[in-house]
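**Q** sequence first, then the predicted structure:
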Amino acid sequence: SHIHKIRELMREAGETAEANASQPNTSSSPSPFTHLTPQGNGVSMVDVGDKTSSRRVAVARSVVIFPPEVLSAFQVSGQNEMIGPKGPIFETAKIAGIMGAKKTSDLIPLCHPLPLDRVNINIQLINNQAIIECECRVTHTTGVEMEALTGATIAALTIYDMVKAVSHRVEIGRTVLVSKSGGKSDFVEN
């Protein structure tokens, strides 16, 4: 079963870490993993104290795919909004996504808490898909990719929650980082 395989891999990883910890560290090179010691046995947040503060922006996208029964069960307004018994679905998802972006460091253990300058979520209904884009901005020493990804994901989960009474065949599709700017390097999805 999958549980047994996971337990086996965890046991093997523990044995490897114990063996490595008993060996003296002769390497002066830092760990290739920014959150681990070179021996792999210590976890910490990255020290961003010496980095230069700059304007950082990240955009993430998530997609929710609706089966036909969902689209026929909910009213779709001309304002690109789905209305259901629980209220306006996309507007509720936007609020949830903003809240999720603000709580990212509470959900992902090694993320720095950030004083976000802006979180904007846009949701477009195109055919049978809700396309969610979350943009986060901050002026800080670390990026906002995780906040944008969290905001888009939480918005998608909220949409699922608000339509699941009609169908559990709703699918949360691909969630990706679309772009990031500021900091050490920029990125734009191909």
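**A** Right, received. Where do you want to start? Numbering: from 1, shown residues only.

**Q** rest of the way, CA atoms for contacts and neighbours
**A** Fine.

**Q** return the helix or strand in the protein with minimum mean pLDDT.
**A** helix 2-22 (a mean of 53; mean pLDDT, DSSP states H and E).

**Q** average model confidence for whichever helix or strand comes after that one?
**A** Note on helix 2-22: by DSSP states H and E, the next helix or strand toward the C-terminus is strand 54-65. Taken as a whole, strand 54-65 has a mean pLDDT of 97.

**Q** excluding its backbone neighbours, what's nearest residue 51?
**A** Distance criterion Cα to Cα, 6 or more residues apart in numbering; nearest residue to residue 51, sequence neighbours excluded, is residue 141 at 5.5 Å.

**Q** what is the neighbour count of the one you found?
**A** Neighbourhood size, residue 141 [other Cα atoms under 10 Å]: 20.

**Q** now it: how far from residue 183?
**A** 7 Å (Cα to Cα, to the nearest Å).

**Q** overlap in contacts, these two.
**A** Counting by Cα atoms under 8 Å, 6 or more residues apart in numbering, the shared contacts of residue 141 and residue 183 are residue 54.

**Q** do you know the pLDDT at residue 34?
**A** 65.

**Q** give the helix, strand or coil label for residue 169.
**A** coil (DSSP: H, G, I helix; E, B strand; the rest coil).

**Q** show me the contacts for it.
**A** Residue 169 touches 66-67, counting by Cα under 8 Å, 6+ apart.

**Q** try residue 186
**A** When contacts are counted by Cα under 8 Å, 6+ apart, residue 186 touches 179-180.

**Q** run a quick neighbour tally on residue 106.
**A** For residue 106, using other Cα under 10 Å, the count is 12.

**Q** that one is in what secondary structure piece?
**A** With DSSP H and E as criterion, residue 106 is part of helix 104-107.

**Q** the helix or strand following that helix - contacts with which helices or strands?
**A** Later in the chain than helix 104-107, the nearest helix or strand by DSSP H and E is strand 118-126. Here strand 118-126 touches helix 89-102, strand 129-140, going by 3 or more Cα pairs under 8 Å, 6 or more residues apart in numbering; DSSP states H and E.

**Q** and the angle from strand 118-126 to helix 89-102?
**A** Using axes from the mean of the first three to the mean of the last three Cα atoms, to 10 degrees, the inter-axis angle of strand 118-126 relative to helix 89-102 is 150 degrees.

**Q** quick one: buried residues of strand 118-126?
**A** When neighbours are counted by 16 or more other Cα atoms under 10 Å, the buried residues of strand 118-126 are found to be 119-123, 125.

**Q** and for it, what's in contact with it?
**A** Residues outside strand 118-126 that contact it (Cα under 8 Å, 6+ apart): 80-81, 90, 94, 97-98, 101, 130-138, 151-152.

**Q** hmm, which of those are the buried ones?
**A** By 16+ other Cα under 10 Å, the contacts of strand 118-126 give 81, 90, 94, 97-98, 101, 130-138, 151-152 as buried.
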